[in-house]
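> compute the structure for the input listed below.
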Amino acid sequence: MTVKERLAAITRGKQALAHLEEHPDTTRAQLGAARDQLNIAHNSSSRWEVEDAVFALESIVLNVYGEIPAETA
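Numbers count the residues shown, from 1 in each chain. Modelled structure (predicted):
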């Protein structure tokens, strides 16, 4: 995984976490799990672990929102 790919994945994870923090129906458990996944993405050097962590984080967002949230500027 190149540095740019890793950065893009982590950026997606940060955006997903921001969406969770904004949504009023997000539980503390979901926020904690999302933060754990973002930490895994930050701390891992394995392409698969980074991608799996970001995918898990994005899955939490889909569970809360029911769809992919609109991008915020």
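
> sketch out the low-pLDDT regions of this structure for me.
Across the chain, the ranges flagged by pLDDT under 70 are 71-73.

> swap the cut-off to 80 and go again
In the predicted model, the chain carries pLDDT under 80 at residues 67-73.

> show me where it has helices.
For the chain, helices defined by DSSP state H occupy the ranges 3-22, 28-43, 47-65.

> most tightly packed of those?
Ranked by mean neighbour count, these are led by helix 47-65 with a mean of 17 (mean count of other CB atoms under 10 Å). For the C-beta atoms, the positions are set from N, CA and C on the backbone; glycine is no exception.

> and the angle for that helix with helix 28-43?
160 degrees (axes from the mean of the first three to the mean of the last three CA atoms, to 10 degrees).

> chain center to stretch 45-52, what's the gap?
Put simply, stretch 45-52 sits 13 Å off its chain's centre (CA atoms, centre = their mean, to the nearest Å).

> ok, residues contacting that stretch?
If you take CB atoms under 8 Å, 6 or more residues apart in numbering as the criterion, stretch 45-52 is touched by Met1, Glu5, Arg6, Ala9, Ile10, Ile40, Ala41, Ser44.

> relative to Thr2, how far out is the spatially closest residue to the third one that is not a sequence neighbour?
The spatially closest residue to Arg6, leaving aside those adjacent along the chain, is Val50, at 5.9 Å (CB to CB, 6 or more residues apart in numbering). Using CB to CB, to the nearest Å, we find Val50 at a distance of 11 Å from Thr2.

> try His23
32 Å.

> more neighbours: which of these two?
His23 (14 against 8; other CB atoms under 10 Å).

> for Ile10, what are its contacts?
Ile10 neighbours (CB under 8 Å, 6+ apart): Leu38, Ala41, His42, Val50, Val54.

> quick one: which of the residues you listed is nearest Glu67?
Val54 (18.0 Å; CB to CB).

> just checking, that closest one touches Ala16?
Yes: applying CB atoms under 8 Å, one finds Val54 in contact with Ala16, separated by 7.5 Å.

> my read: Leu57 touches Lys14, true?
No: applying CB under 8 Å, one finds Leu57 not in contact with Lys14, separated by 9.2 Å.

> which residues do those two both contact?
Going by CB under 8 Å, 6+ apart, residues that sit against Leu57 and also against Lys14 are Leu38.
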